[in-house]
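In: have a look at this prediction, sequence included:
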Amino acid sequence: MKKIYTLLTVSLILLSCGKKEAVSVEELVSEGTIKELRTRKTEITTNLEAINIDLKAVNDAISRLDTVKKLPLITTIVTKEEVFNHYLELQGNVKTKQNVLVYPEMPGILRRVYVKEGQRVVKGQLLATIDDGGLSQQIAQLKIQEQLAKTTYERQKRLWDQKIGSEIQFLQAKASYEAQTNTVKQLRRQQGKSVVRAPFSGVIDDVMKEPGTVLAPGQGSEIFRVVNLNNMYIEAEVPESYIKNVTKGKKVEVFFPVLGKTVEAKIRQVGNFINPSNRAFKIEIYVPNKSGDIKPNLTARLKINDYTSEKAILIPQSIVSENAEGEQYVYLIGDKKENKYATANKTIIETGKTQGDVIEVLNTKTIAKNNGVSEVLLKPMSAGFEVVSEGARSVNDGQKVEIKN
């Protein structure tokens, strides 16, 4: 009631003064002198200053006596120790070392293709034949000559064993037979190039030429693409800063976005060369592919665990702010009363690694003065601290807050 009477009194004074001043101003404007106008101005200014002083005193009294104070509403989280795993995230491509184009080894016309696309083949299986350009007839004629040379040699050998005939006749027969034999073998090897066989077990991914096509060794004469989907691996590049953490045998979580599939794998090889252009080294990760749905050049996302803490203090990244000096800070709760009213204290922190939307807090940082010398004190962050969460961006250091958890 005392507050209301005071306000009413101030209002009446303002109203009465306003009326008096309105009449006086009209009279002075119409009949008064400049000296009188200036005098009146000084009186009004003095009264206004007095009113402002009284108004401030009234507001201060209201603020002191008002039991329903409007404090910033916040929520808090309590720090606790958790297991924290940090992952290095990379992108890689699926590859296979058995993904080859099959070329002809000799020129000729493609006579017949024995397989079709998608067919599984085994190493050495016949895939196609090429016209041998008359080699079969040449071999048949040479076989007759080879047989004659063999018969002549065998007779000369029997005679020579009985010391009949000359040695030169025996050696000539032997040389002729061996020459014919070598010629037949050479032509058969050449004829063998007219037969195209699978270089390894796998799948015929593409048949590129039709029967009747004229072929020649070299670029542009590919007949098949053969792929082995059983020996697949992922190749990725890792920044050199992780060279101590990424080692052979380490587990990798592999995710294929296109397939929506995740598999567990291991690093089977770590490169020994750092590329000077991007300061990265290569790794290979073996990928099991029993179902055959993983294809060469498929994109994969890799997660490699490069850091683990068994007792980490984690908080949301969204509540961490940064000051002009680049220091990160949060607000810790202190002077808590009635389990809802407290003080928000700005606290500088040192952070570690981030994962997703959380960040690891390592230490709290304070500056103490010892004999006039500033000294930075680091204290490990522990469990049990209450940290301002929602509303962290709207409070100030030392400000009273109301907790609404």
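Out: Structure's in. What do you need? A quick note: this is a predicted structure, and the numbers were derived from the prediction, not measured. Residues are numbered from 1 along each chain as shown.
In: gap between V94 and P288?
Out: 12 Å (CB to CB, to the nearest Å). (Each C-beta comes from the backbone N, C-alpha and C, glycine too.)
In: domains of this structure?
Out: Here the domain parsing of the chain from the TED database is 25-65, 73-82+311-403, 89-97+227-307, 104-226.
In: next, L362: phi, psi?
Out: With angles defined as degrees, to the nearest 10, L362 sits at phi -90, psi -50.
In: can you pull the contacts of L377?
Out: K365, T366, I367, A368 (CB atoms under 8 Å, 6 or more residues apart in numbering).
In: would you say the last one is within a helix?
Out: Spelled out, that is A368. No - A368: not assigned to a helix; according to DSSP: H, G, I helix; E, B strand; the rest coil it is strand.
In: so what pairs up with it in the strands?
Out: Counting by DSSP bridges, A368 is bridged to E375.
In: which stretches of the stretch 51-200 of the chain form strands?
Out: Using DSSP state E, counting those that start in this stretch, the strands of the stretch 51-200 of the chain run over 73-74, 76-78, 81-96, 99-102, 108-113, 120-121, 126-130, 195-197.
In: would you turn the domains of the chain into CSV with mean pLDDT?
Out: Compiled in CSV, those are given as follows (pLDDT from 0 to 100):
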stretch, mean pLDDT
domain 25-65, 79
domain 73-82+311-403, 90
domain 89-97+227-307, 93
domain 104-226, 88
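In: apart from its chain neighbours, what residue comes closest to T76?
Out: Among residues not flanking T76 along the chain, E386 sits closest, at 4.8 Å (CB to CB, 6 or more residues apart in numbering).
In: got phi/psi on the one you found?
Out: phi -100, psi 120.
In: so who does it touch?
Out: Going by CB under 8 Å, 6+ apart, E386 touches T76, I77, V78, T79, L332, I333, K336, A342.
In: buried members of those into ChimeraX, please.
Out: Typed into ChimeraX, the line below selects the buried ones among the contacts of E386, using 16 or more other CB atoms under 10 Å:
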select :76,77,79,332,333,342
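In: about what we covered before: among V94 and P288, which residue is more densely surrounded?
Out: The neighbour comparison of V94 against P288 (other CB atoms under 10 Å) goes to V94, with 21 against 11.
In: contacting residues around that one?
Out: Counting by CB under 8 Å, 6+ apart, V94 makes contact with M232, Y233, I234, V287, I294, K295, P296, N297, L298, T299, A300.
In: quick check: which element contains the residue lying closest to K346 once chain neighbours are set aside?
Out: Of all residues not flanking K346 in the chain, D397 sits nearest, at 3.7 Å (CB to CB, 6+ apart). Under DSSP states H and E, no helix or strand contains D397.
In: same check on K311?
Out: Using DSSP H and E, K311 sits in strand 299-316.
In: between that strand and strand 81-96, how big is the angle?
Out: On the basis of axes from the mean of the first three to the mean of the last three CA atoms, to 10 degrees, strand 299-316 is oriented at 170 degrees to strand 81-96.
In: what residues sit buried inside strand 299-316?
Out: Neighbour-count burial for strand 299-316 flags A300, L302, K303, I304, D306, S309, A312, I313, L314, I315, P316 (criterion: 16+ other CB under 10 Å).
In: and these, which two are furthest apart?
Out: Comparing every pair within those by CB to CB identifies A300 and I313 as the most remote, at 33.0 Å.
In: my guess is Y103 contacts E222. True?
Out: Yes - here Y103 reaches E222: they are 5.9 Å apart, a contact under CB atoms under 8 Å.
In: show me where the protein has helices.
Out: Under the criterion DSSP state H, the chain contains helices at 2-31, 34-65, 135-161, 167-192.
In: elements contacting the second one?
Out: Read that as helix 34-65. Here helix 34-65 touches helix 2-31, going by 3 or more CB pairs under 8 Å, 6 or more residues apart in numbering; DSSP states H and E.
In: ok now stretch 153-163, how far from the chain's centre?
Out: Counting by CA atoms, centre = their mean, to the nearest Å, stretch 153-163 is centred 81 Å from the centre of its parent chain.
In: just to revisit the earlier point, just the buried members of the contacts of V94?
Out: Applying 16+ other CB under 10 Å to the contacts of V94, the neighbour count classes M232, Y233, I234, V287, I294, K295, L298, A300 as buried.
In: just those: which are in strands?
Out: Within the buried ones among the contacts of V94, residues falling in strands by DSSP state E are M232, Y233, I234, V287, A300.
In: which residues does the last one contact?
Out: By CB under 8 Å, 6+ apart, the contact list for A300 reads Q91, G92, N93, V94, I234, V254, F255, F256, V287.
In: adding distance to P107, write those out as JSON lines.
Out: JSON lines is the format used below for these (distance: CB to CB, whole Å):
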{"residue": "Q91", "distance to P107": "44"}
{"residue": "G92", "distance to P107": "41"}
{"residue": "N93", "distance to P107": "36"}
{"residue": "V94", "distance to P107": "36"}
{"residue": "I234", "distance to P107": "39"}
{"residue": "V254", "distance to P107": "45"}
{"residue": "F255", "distance to P107": "48"}
{"residue": "F256", "distance to P107": "43"}
{"residue": "V287", "distance to P107": "40"}
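In: of those residues, closest to T183?
Out: T183 has its nearest neighbour among the contacts of A300 in V94, at 48.6 Å by CB to CB.
In: what's opposite that closest one in the beta bridge?
Out: Legend: beta-bridge partners of V94 under DSSP bridges are I234.
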